[in-house]
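A.B. asks: Quick one, structure for this:
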Amino acid sequence: MKVHFIAIGGSAMHNLAIALKLKGYDVTGSDDNIFEPSKSRLEKHGLFPVKLGWDPSRISSNIDFIILGMHAKIDNPELLECQKNNLKIYSYPEFIYEFSKEKTRVVIGGSHGKTSITSIILHVLNKCGIEVDYLVGAQLSGFETMVHLTDENEFIVMEGDEYLSSPIDKRPKFHLYKPNIALINGISWDHINVFPSEEIYTIQFENFVETIVDGGVLVYNEMDLKVKKIAESCQKSIRKLEYSMPKHTIENGKTFLNTEEGRIPIEIFGNHNLNNIGGAKLVCQLMGVHEQNFNESLMSFKGADKRLEPILKLSDRIVFKDFAHSPSKVLATTNALKEQFIDRKLIAVLELHTFSSLNKQFVINYKDSLKSADLSILFYDPTIVSQKKLEYLDFDFLKSSFNDKRLHIFTESNKLEEFLLKQNYAKTNLVIMSSGNFASINLNHLVKEIKLL
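C.D. replies: Coordinates of the predicted model:
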């Protein structure tokens, strides 16, 4: 089978391209820009385009199907050529569903926590020797690629993204998977460019529940009131299983689960992560994992890439990088760090990078999200604001929106780095939160300098 990827450089797209090549497909791809880590991974597997850019001559009648990524525009020259020649075009989720129609599909949804929950499930299944197909949005230790497809595995575990499927398919990705087992962890308005109101955004999760196959299972977080309301009002012929945060204790910066077998030390922490564990455990049990095996496997789980990931760890200081970018994620991350390290100062840096976070109408949702930090810092790049054709964000407006008069705001990465290196890091943790490139700071250099301060 010959398949061509339009916009192969995306996080999910490049992993799928590699997975299909490993299965024996003849894979080609194109993109106008490809960044790390996609670049190195595609090069390793011989999939990096010979030349960047779009070229309709790449499209020929001997291609069996096209997989179209969201990065491509609706007037993409290669897409137009595909349509002209009536080639079969799949969005990423469309193809995954077609491939997995005969499997038991496990879909993890929610505005926050879905990558972490999917990662916990995959880690536990791997430790228990249960082989499954999967797709997840972050790199996980012990897994070479984050998409794995086979013909023989019974289960496929998928991260269910609510963003749109492709430029020509405006359905949210998670509406296409038709899960046998579905989980929703939390709902917090995001993607304002696609879902202009909180009500419209929430409806997407109501519709997601309706896509669960009859006789399937909905696993839901009873601590999230929106999720609970959707679950309880659903009239489909499905089972509903609620979960919440497991019992635990925190001692000297270490979290322990309180189980029937005794206290279990775990590497991850914070209420949001503990909640994620509750959901992951229920899903694993539905897939045949005993509770004791789940707890033992969890002990070695260190977290997904960029999810409260420590990049410097000394006896009196830790530097974390974190993917948090929406208001609920920022609040959860900063709260978790203060609760886990009650005797340490917390310096929190947030980069506003997404369309939603840079939108004046949405920024007000960040009110009090950095309140747990002892020193709160905000960074945004005005050129990104201009590129997204959004209104200028003045400092007074941002301080008012965050309800934080002491908020330090930077628009130049070198000045932000200078400021960070002037701080005292004795008994202090630093977290840098971004869904972008962490304010273009060389984190390796920053860590080396902080280590010496």
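A.B. asks: Can you give me every residue that contacts the spatially most central residue of the chain?
C.D. replies: The chain has residue 115 as the residue nearest its centroid, 4.7 Å off, counting by Cα atoms, centre = their mean. Going by Cβ atoms under 8 Å, 6 or more residues apart in numbering, residue 115 touches 136-138, 159, 304, 307, 323. No exception for glycine: its C-beta is placed from N, CA and C like everyone else's.
A.B. asks: how much space between it and residue 87?
C.D. replies: Distance of residue 115 to residue 87, given as Cβ to Cβ, to the nearest Å: 32 Å.
A.B. asks: re the thing from before, where does the residue nearest to the centre of the chain land in three-state SS?
C.D. replies: Under DSSP: H, G, I helix; E, B strand; the rest coil, residue 115 falls in the helix class.
A.B. asks: pLDDT value on it, please?
C.D. replies: What the model reports for residue 115 is a pLDDT of 90.
A.B. asks: ranges for the helices of the stretch 301-450 of the chain?
C.D. replies: All helices of the stretch 301-450 of the chain, identified by DSSP state H, counting those that start in this stretch, fall at 327-340, 360-363, 382-387, 395-401, 413-420, 443-452.
A.B. asks: Tell me who's in contact with the residue nearest to residue 161 when sequence neighbours are not counted.
C.D. replies: Among residues not flanking residue 161 along the chain, residue 173 sits closest, at 4.5 Å (Cβ to Cβ, 6 or more residues apart in numbering). By Cβ under 8 Å, 6+ apart, the contact set of residue 173 is 91-93, 160-165.
A.B. asks: same thing with residue 240?
C.D. replies: Shown in contact with residue 240 (Cβ under 8 Å, 6+ apart): 217-218, 220, 231-232, 234.
A.B. asks: I'd like the residues you listed laid out as CSV, including distance to residue 1.
C.D. replies: Shown next, in CSV, are the contacts of residue 240 (distance: Cβ to Cβ, whole Å):
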residue, distance to residue 1
217, 33
218, 35
220, 38
231, 40
232, 44
234, 38
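A.B. asks: wait, which of the residues you listed is closest to residue 446?
C.D. replies: Taking Cβ to Cβ as the measure, residue 446 lies nearest residue 220 of the contacts of residue 240, at 39.6 Å.
A.B. asks: quick one: that closest one and residue 278, what's the gap?
C.D. replies: Remark: distance between residue 220 and residue 278 (Cβ to Cβ) = 11 Å.
A.B. asks: any common contacting residues for these two?
C.D. replies: Contacts common to residue 220 and residue 278, judged by Cβ under 8 Å, 6+ apart, are residue 243.
A.B. asks: more crowded one of those two?
C.D. replies: Between residue 220 and residue 278, residue 220 has the larger neighbour count (other Cβ atoms under 10 Å), namely 26 against 19.
A.B. asks: Then that one would be within a helix, right?
C.D. replies: No - according to three-state DSSP, residue 220 belongs to no helix; its state is strand.
A.B. asks: just checking, it touches residue 239?
C.D. replies: No - with contacts counted by Cβ atoms under 8 Å, residue 220 stays clear of residue 239, the gap being 11.0 Å.
A.B. asks: mind giving me a markdown table with the contacts of residue 173 and columns for neighbour count and pLDDT?
C.D. replies: Output for the contacts of residue 173, formatted as a markdown table (neighbours: other Cβ atoms under 10 Å; pLDDT from 0 to 100):
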| residue | neighbour count | pLDDT |
| --- | --- | --- |
| 91 | 22 | 97 |
| 92 | 25 | 93 |
| 93 | 25 | 96 |
| 160 | 27 | 96 |
| 161 | 22 | 93 |
| 162 | 22 | 95 |
| 163 | 14 | 92 |
| 164 | 19 | 94 |
| 165 | 22 | 96 |
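A.B. asks: So which of those sit within strands?
C.D. replies: Among the contacts of residue 173, DSSP state E puts 91, 160, 164-165 in strands.
A.B. asks: Pairing-wise in the sheet, spell out the partners of residue 66.
C.D. replies: Counting by DSSP bridges, residue 66 is bridged to residue 4, residue 89.
A.B. asks: okay, now residue 223: neighbour count?
C.D. replies: 16.
A.B. asks: Does it lie in a helix or a strand, and which?
C.D. replies: Following DSSP states H and E, there is no helix or strand that holds residue 223.
A.B. asks: Could you tell me whether residue 29 really is in a strand?
C.D. replies: Yes - under three-state DSSP, residue 29 falls within a strand.
A.B. asks: got a list of what the closest residue to it other than its chain neighbours touches?
C.D. replies: Of all residues beyond its chain neighbours, the one nearest residue 29 is residue 8 (2.9 Å), with distances taken as Cβ to Cβ, 6+ apart. Residue 8 makes contact with 14, 17, 29-31, 34, 38, 42, 47, 49, 69, according to Cβ under 8 Å, 6+ apart.
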